[in-house]
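Peer 1: Got a sequence here, can you model it:
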Amino acid sequence: MDAWVIAMMLGASTLLGAFGLWALLWGIRSGQFDDHQKFLDGAQFDSEEALQDAVMMEEKKKKIIQNKKEVGYAPPD
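Peer 2: As a prediction, the model looks like this:
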């Protein structure tokens, strides 16, 4: 392969990478990835049973963590 082909490929990939980084930073700064209504809409449109299941799962998770702290965690054999 000629040196100019490698130089063109490096230049193009660097330019595309810089553009991608700029686009990502622009999206973060302008709030493109923020979803302020997500949790409010989720709570509004979820059924009562789904919310109860979520509460039960959180309680189960807390019990497991508490049990690990009391007994001491040991990986399975």
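
Peer 1: Could you list the low-pLDDT ranges of the protein?
Peer 2: Low-confidence segments of the chain, defined by pLDDT under 70: 42-43, 73-75, 77.

Peer 1: Would you tell me what the next helix or strand after the longest helix seen in it is?
Peer 2: Across the chain, the longest stretch assigned as helix under DSSP state H is helix 3-29. As assigned by DSSP states H and E, the chain's next helix or strand after helix 3-29 is helix 38-45.

Peer 1: Which SSE is immediately downstream of that next one?
Peer 2: Counting by DSSP H and E, what follows helix 38-45 is helix 48-71.

Peer 1: Quick one: distance of the longest helix of the chain to the chain centre.
Peer 2: Taking the mean of its C-alpha atoms, helix 3-29 sits 24 Å from the chain's own mean (CA atoms, centre = their mean, to the nearest Å).

Peer 1: Then stretch 27-43?
Peer 2: The answer for stretch 27-43 is 13 Å, by CA atoms, centre = their mean.

Peer 1: Go ahead and name everything in contact with it.
Peer 2: With CB atoms under 8 Å, 6 or more residues apart in numbering as the test, stretch 27-43 has contacts from 26, 51. Backbone N, C-alpha and C define where each C-beta goes, glycine included.

Peer 1: can we see that at 10 Å?
Peer 2: With CB atoms under 10 Å, 6 or more residues apart in numbering as the test, stretch 27-43 has contacts from 23-24, 26, 44, 50-51, 54.

Peer 1: now swap in stretch 7-25 and tell me
Peer 2: By CB under 10 Å, 6+ apart, stretch 7-25 touches 1-2, 32-33.

Peer 1: thinking again about what came up before, can I get the contacts of stretch 27-43 in a markdown table including neighbour count and distance to residue 63?
Peer 2: Shown next, in a markdown table, are the contacts of stretch 27-43 (neighbours: other CB atoms under 10 Å; distance: CB to CB, whole Å):
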| residue | neighbour count | distance to residue 63 |
| --- | --- | --- |
| 23 | 11 | 45 |
| 24 | 12 | 40 |
| 26 | 10 | 44 |
| 44 | 8 | 29 |
| 50 | 12 | 21 |
| 51 | 12 | 19 |
| 54 | 13 | 15 |
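
Peer 1: Alright, I will stop here.
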